[in-house]
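>>> Could you work out the structure for the sequence below:
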Amino acid sequence: MTASLFDPIQLGAIHAPNRVLMSPLTRGRSSEGHVPITALKADYYSQRAGAGLIIAEATGISQEGLGWPSAPGIWSDAQVEAWKPVTKAVHDAGGRIILQLWHMGRLVHSDFLGGAQPVSASATTAPGDAHTAEGKKPYVAARALETSEIPRIIADYVHAAKNAIEAGFDGVQIHGANGYLIDQFLRDNSNFRTDDYGGTIENRIRLLREGTQAVAGAVGPERTSVRLSPNGETQGCDDSNPVALFTAAAAALQDIGIAFLELREVKPYGNFGRTEVPRVSPDIRKVFTGPLVLNQEYTRELADEDLASGLADAISFGRPFIGNPDLVERLRTGAALTPDNYRTWYSPGPEGYTDYPFLEKVEAA
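Residues are numbered from 1 along each chain as shown. Predicted coordinates for the structure are as follows:
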């Protein structure tokens, strides 16, 4: 029987009442020390508890891995304690929430590291500018991680995952997408290593595989998920053979038995007209039999299409959840969506964060 967006689905240990997931969205709203501003985040996420599952924003696993102003972390006791009321608020509202674990690699500006170099798969420099507390600055050259440092990176993921569970999250998602550290290891235009973590596809997926296995061993595969982005060039990362790379990665994750795999990909019918990038999800579907969640520029109609074909088991929505805390109900009823204001995506305070109206208020007005 064909699934709809509003049918329940089991995502590992999590029973989701619908297949409209909230994808991770960087929104800032954290204080000094990357400690979440509890009251704001509790309101924001509990307002969106109608999602089948909330994948909370990318959250730093270590100071080394976090290079975004006012983004939250999950490595310190203070951060864990600040997250606890947030997860409680979501659960009290009937929702489910997991935390995305983030190491930005070469996309961390040295300003965040006391002047030290960021780390990456290889000694490379990301294109463009970094967001810093003093405004945009050109990225700086990263140093290649020593082979002996890889266990430390994996231990940081494990420590962060355990902290997330302690903070009340229902699970975690490893951020392996969008040109961040794991993606820098995956792709052959950013990984020029000659050790066991570079060269062949099997070697380039090693950090992803070992990190995911370690996290799954710590918190359970049924509470572990992964995000990948087989969508062409992303923040300077690209690969010459994405189908071979990402199907190998997906097959490795299948063997680990993760709760679900989320893919951010540019679809041929996407709003931005980037039709030269082929979809890799049909190939991944052949090797990954667990729940597959697709993301990027979806409408209700396009979501229905990919669910009906069996390509996707659920769809994650990002920006539509910014302006529509009750997105599930709006999709269900066909109600108009409130546009979001990009000027307040990362600004401090509740404006553009917790003040978007629910459908009943819009109709009353």
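>>> Next, the contact list for residue 136, please.
129-130 (CB atoms under 8 Å, 6 or more residues apart in numbering). Using the backbone N, CA and C atoms, a C-beta is placed for each residue, glycine as well.
>>> Using the three-state scheme, assign it.
Counting by DSSP: H, G, I helix; E, B strand; the rest coil, the backbone at residue 136 sits in strand.
>>> what sits opposite it in the beta ladder?
Bridge pairing for residue 136 (DSSP bridges) gives the partners residue 131.
>>> Residue 213 - how many residues pack around it?
Neighbours of residue 213 under the rule other CB atoms under 10 Å: 18.
>>> wait, it sits on residue 258?
No: contact criterion CB atoms under 8 Å: residue 213 and residue 258 do not qualify, at 9.8 Å.
>>> Helices of this protein, start to end?
38-47, 77-92, 150-166, 181-186, 201-204, 206-219, 242-256, 281-287, 300-308, 319-323, 327-333, 359-364 (DSSP state H).
>>> Of all those helices, which one comes closest to residue 64?
helix 150-166 (7.8 Å; CB to CB).
>>> Near residue 278, how many other residues are there?
Using other CB under 10 Å, residue 278 has 16 neighbouring residues.
>>> any idea how far it is from residue 187?
Residue 278 is 16 Å from residue 187, where distance means CB to CB, to the nearest Å.
>>> Also residue 356?
36 Å.
>>> Equivalent analysis for residue 212, please.
Counting by CB to CB, the gap from residue 212 to residue 187 is 17 Å.
>>> Those two: who's more crowded?
More crowded of residue 212 and residue 187, by other CB under 10 Å: residue 212, with 26 against 23.
>>> ok, the more buried one touching residue 257?
No: applying CB under 8 Å as the test, residue 212 and residue 257 come out as separate, 10.1 Å apart.
>>> Name the residues linked to residue 10 by a beta bridge.
On the basis of DSSP bridges, residue 10 is bridged to residue 15.
>>> Then residue 225?
Beta-bridge partners of residue 225, as defined by DSSP bridges: residue 173, residue 260.
>>> what number of residues lie near it?
Residue 225: 29 surrounding residues under other CB under 10 Å.
>>> mind listing what it touches?
Neighbours of residue 225 in contact, by CB under 8 Å, 6+ apart: 11-12, 55, 98, 171-174, 258-262.
>>> Redo those residues as CSV? Include pLDDT.
Output for these, formatted as CSV (pLDDT from 0 to 100):
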residue, pLDDT
11, 98
12, 98
55, 98
98, 99
171, 98
172, 99
173, 99
174, 99
258, 98
259, 98
260, 98
261, 98
262, 98
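>>> could those go into a markdown table alongside distance to residue 251 and neighbour count?
Output for the contacts of residue 225, formatted as a markdown table (distance: CB to CB, whole Å; neighbours: other CB atoms under 10 Å):
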| residue | distance to residue 251 | neighbour count |
| --- | --- | --- |
| 11 | 20 | 26 |
| 12 | 18 | 20 |
| 55 | 23 | 28 |
| 98 | 23 | 27 |
| 171 | 22 | 27 |
| 172 | 21 | 32 |
| 173 | 19 | 33 |
| 174 | 16 | 26 |
| 258 | 12 | 27 |
| 259 | 17 | 25 |
| 260 | 15 | 29 |
| 261 | 11 | 24 |
| 262 | 16 | 26 |
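>>> Closest to residue 292 out of those?
Out of the contacts of residue 225, the member with the shortest distance to residue 292 (by CB to CB) is residue 261, at 5.7 Å.
>>> Would you quantify the distance from that closest one to residue 346?
Separation of residue 261 from residue 346 (CB to CB) stands at 28 Å.
>>> now do residue 232
Applying CB to CB, the value for residue 232 to residue 346 is 25 Å.
>>> Put together TSV for the contacts of residue 225, with distance to residue 292 on each row.
Below are the contacts of residue 225 laid out as TSV (distance: CB to CB, whole Å):
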residue	distance to residue 292
11	11
12	13
55	14
98	16
171	16
172	18
173	14
174	16
258	11
259	11
260	7
261	6
262	8
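>>> Between these, which sits nearest residue 33?
Ranked by distance to residue 33 (CB to CB), the contacts of residue 225 are led by residue 172 at 21.0 Å.
>>> who's in contact with the closest one?
98-101, 160-161, 164-165, 215, 219, 223-225.
>>> How about residue 26?
Residue 26 makes contact with 57-58, 68, 71, 345-346, according to CB under 8 Å, 6+ apart.
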